[in-house]
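Asker: Sequence and predicted structure are below.
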Amino acid sequence: MTIALWILAVLLIVVGFAGTVLPALPGVPLIFGGVLLAAWIDDFQRIGGWVIGVLAVLAVIGIAVDYVAAALSARRVGASRQGIIGAAVGTVAGVFTGLWGLLFMPLVGAAIGEYLAHKDALRAGKVGIATWFGLLIGTAVKIAVAFTMIGVAIAALLI
């Protein structure tokens, strides 16, 4: 049974890491869940409570970045409510259209939403690019948080 639990813990971490770039999967929470399961399997001997606490803080940061990055970038250039909604719709649509959709559908959605709100193509393009840039920054931060979480967990196991 212990081997099956370790396999599940590793699987959660691997799927969670994939989820840091795929919006359909809650990446950082899955990594945290995998490490928490690994700690529990070992009765918190190698991965102690302080490590779990640090990882919980990192997980909260990773989750917050996911929700805030694109919206802050869009708002910074004056995006309307429709532009932000368009970015969200584009992100969801991107999940179903492959890698290029994941990369560019939020930009397209934000631009369309902003264009519908103001009928200004230049402004729509500006909002679309700002939203896209925010998503890229958010993804980079989530990847850094994921690597940090995995590194802290591995260090705790080895030390």
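Answerer: Noted; the coordinates are in hand. Numbers count the residues shown, from 1 in each chain.
Asker: Assess the claim that Leu107 and Ala130 are in contact.
Answerer: No - counting by Cβ atoms under 8 Å, Leu107 does not reach Ala130; the two are 9.2 Å apart. Any C-beta I mention is one placed from the backbone N, CA and C, and that applies to glycine too.
Asker: which parts of stretch 105-117 are buried?
Answerer: Met105, Pro106, Leu107, Val108, Gly109, Ala110, Ala111, Ile112, Gly113, Glu114, Tyr115, Ala117 (16 or more other Cβ atoms under 10 Å).
Asker: okay, and for this structure, where does confidence drop off?
Answerer: The model of the chain has pLDDT under 70 over residues 23-24, 67.
Asker: quick one: the longest helix along it to chain centroid distance?
Answerer: Longest helix in the chain, counting residues (DSSP state H): helix 121-158. With Cα atoms, centre = their mean, to the nearest Å as the basis, helix 121-158 stands 7 Å off its chain's centre.
Asker: all helices of the chain, in order?
Answerer: Using DSSP H, helices in the chain cover 2-19, 27-41, 49-76, 81-95, 98-118, 121-158.
Asker: Show me which of those helices has the highest average neighbour count.
Answerer: helix 27-41 (a mean of 22; mean count of other Cβ atoms under 10 Å).
Asker: Extract the CA atoms of that one and return them as CSV.
Answerer: Provided in CSV are the C-alpha atoms of helix 27-41 (Å, rounded to 0.1, in the frame of the first residue of the first chain):
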residue,chain,number,x,y,z
GLY,A,27,-0.9,23.0,-11.0
VAL,A,28,0.4,24.5,-7.7
PRO,A,29,-2.4,22.9,-5.5
LEU,A,30,-1.7,19.5,-7.0
ILE,A,31,2.0,19.8,-6.3
PHE,A,32,1.2,20.9,-2.7
GLY,A,33,-1.2,17.9,-2.4
GLY,A,34,1.5,15.5,-3.7
VAL,A,35,4.1,16.8,-1.2
LEU,A,36,1.6,16.7,1.6
LEU,A,37,0.7,13.1,0.8
ALA,A,38,4.4,12.3,0.7
ALA,A,39,4.9,13.9,4.1
TRP,A,40,1.9,12.0,5.5
ILE,A,41,3.2,8.7,4.2
